[in-house]
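**Student:** have a look at this prediction, sequence included:
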Amino acid sequence: MRKKRDTFLINGKTCIHCMDCKQIKPIEEFGKNGPSWFQAYCKPCANARNKAYQSKYYERQKHKNTKAVMPGSPELELFINMMIKELAL
Ligand SMILES: [Zn+2]
């Protein structure tokens, strides 16, 4: 069973602690993650994390593509040798 998050009652509003910005915010500020469960991060923090993750992901994809279209690059040769070795096993 999941441990229930600590909630705070401030001005009649249920508030929870954001694990990122460490601020206590009303639950409306958090994205819902299941019926009785709230995300660990408030919306601004979750958005920032999403963006950071996405740009990292795209950066990696771009990098991967760059390598793939560079014929004769040492990385490509290494990769091919690796594949040949793997196939030979
Ligand atoms: Zn936050």
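**Tutor:** That came through fine.
**Student:** and the strands in the chain, which stretches?
**Tutor:** Remark: strands assigned in the chain by DSSP state E are 7-10, 13-17, 24-26, 30-32, 38-42.
**Student:** mind saving the C-alpha coords of the second one as CSV?
**Tutor:** Once non-C-alpha atoms are left out, strand 13-17 reads as follows in CSV (Å, rounded to 0.1, in the frame of the first residue of the first chain):
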residue,chain,number,x,y,z
LYS,A,13,-7.9,24.4,2.0
THR,A,14,-6.1,21.1,1.7
CYS,A,15,-2.5,21.7,0.9
ILE,A,16,0.4,19.5,0.1
HIS,A,17,4.1,19.8,0.0
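**Student:** so, in contact with the ion or not, it?
**Tutor:** No - using Cβ under 5 Å from the ion, strand 13-17 stays clear of the ion, with a minimum separation of 9.0 Å. Glycine gets a C-beta too; all of them are placed from N, C-alpha and C.
**Student:** make 38 the starting number, not 1.
**Tutor:** Done: numbering now begins at 38, and the last item shifts to strand 50-54.
**Student:** counting by contacts, list what that strand packs against.
**Tutor:** On a contact count with 3 or more Cβ pairs under 8 Å, 6 or more residues apart in numbering; DSSP states H and E, strand 50-54 meets strand 44-47, strand 61-63.
**Student:** just the strands of the chain: most buried one?
**Tutor:** strand 75-79 (a mean of 20; mean count of other Cβ atoms under 10 Å).
**Student:** and that one, which strands flank it?
**Tutor:** strand 67-69 (antiparallel) (DSSP bridges).
**Student:** quick one: buried residues of the longest helix along the chain?
**Tutor:** Ranked by number of residues, the top helix in the chain under DSSP state H is helix 80-105. Under the neighbour-count criterion of 16 or more other Cβ atoms under 10 Å, helix 80-105 has 82-83 buried.
**Student:** re the thing from before, what's the least confident stretch among the helices and strands packed on strand 50-54?
**Tutor:** Mean pLDDT is lowest for strand 44-47 out of the helices and strands packed on strand 50-54, coming in at a mean of 90.
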